[in-house]
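>>> 3D model of this:
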Amino acid sequence: MRDAAGSGAEFTVTTSTYNEVIIVRARGELDLASAPLLREHLNGVWELPGASLLILDLTDVAFCDSTGLGELVRTLKRSQARGTRLVLTGVHGPVARVLALSGLRSAFEVHPTAEEAVHTTGGLHERPGRERFTSAS
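As a prediction, this is how the structure comes out:
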């Protein structure tokens, strides 16, 4: 998706399933233009059966505005309502800054990497299942 300034940054979202762990990896700029794509992708993720942990990997997210932050909060609330643990990984740079400035950093469980979060939770073995790729440009 193109941001308001027309930078042409592409935003992509992929999903991998490991046992009862779902890893959603976002890449690009999480902003007004791309937040609806993340929401749409996560709506599909909520349909996957048996997930006890949702990892949202933000390693490759280069920017996050207030709309993107709102989508992270929406995801947190939805995961809490469903009884699914949400972990953010790869939080750095602008994403870390917007979480800190908003005072929301402590609302999220954060691990350095998705791999560490998977390892910590014991979801190490990939099961046959869905892998989805969503892209907008």
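>>> quick one, helices of the protein?
Remark: helices assigned in the chain by DSSP state H are 35-45, 66-82, 93-102, 114-121.
>>> for this structure, which strand is longest?
Longest strand in the chain by number of residues, with DSSP state E as the criterion: strand 53-64.
>>> tell me what it is packed against?
Contacts of strand 53-64 with other secondary structure elements, assessed using 3 or more CB pairs under 8 Å, 6 or more residues apart in numbering; DSSP states H and E, are made with strand 21-30, helix 66-82, strand 85-89, helix 93-102, helix 114-121. Backbone N, C-alpha and C define where each C-beta goes, glycine included.
>>> among these, which is nearest residue 108?
The closest approach between residue 108 and any of the helices and strands packed on strand 53-64, judged by CB to CB, belongs to strand 85-89 at 4.9 Å.
>>> from the chain's centre, how far out does the closest one sit?
On the basis of CA atoms, centre = their mean, to the nearest Å, the separation between the geometric centre of strand 85-89 and that of its chain is 8 Å.
>>> in that strand, what counts as buried?
Of the residues in strand 85-89, those with enough neighbours to count as buried (16 or more other CB atoms under 10 Å) are 85-89.
>>> Check stretch 105-118 too.
In stretch 105-118, the ones that count as buried by 16+ other CB under 10 Å are 108, 111, 114, 117-118.
>>> Stretch 10-24 now?
11-24.
>>> of those residues, closest to residue 39?
Each of those was scored against residue 39 by CB to CB, and residue 13 proved nearest at 10.0 Å.
>>> Low-confidence bits of the protein, can you list those?
With pLDDT under 70 as the threshold, the chain has low-confidence stretches at 1-9, 122-137.
>>> Report the central residue of it.
The chain has residue 56 as the residue nearest its centroid, 3.0 Å off, counting by CA atoms, centre = their mean.
>>> Against residue 55, how distant is residue 110?
Computed with CB to CB, to the nearest Å, the distance linking residue 110 and residue 55 is 11 Å.
>>> just to revisit the earlier point, could you pull up the residues touching the residue nearest to the centre of the chain?
If a contact means CB atoms under 8 Å, 6 or more residues apart in numbering, then residue 56 has 24, 26, 72, 75, 86-89 as its contacts.
>>> Thank you, goodbye.
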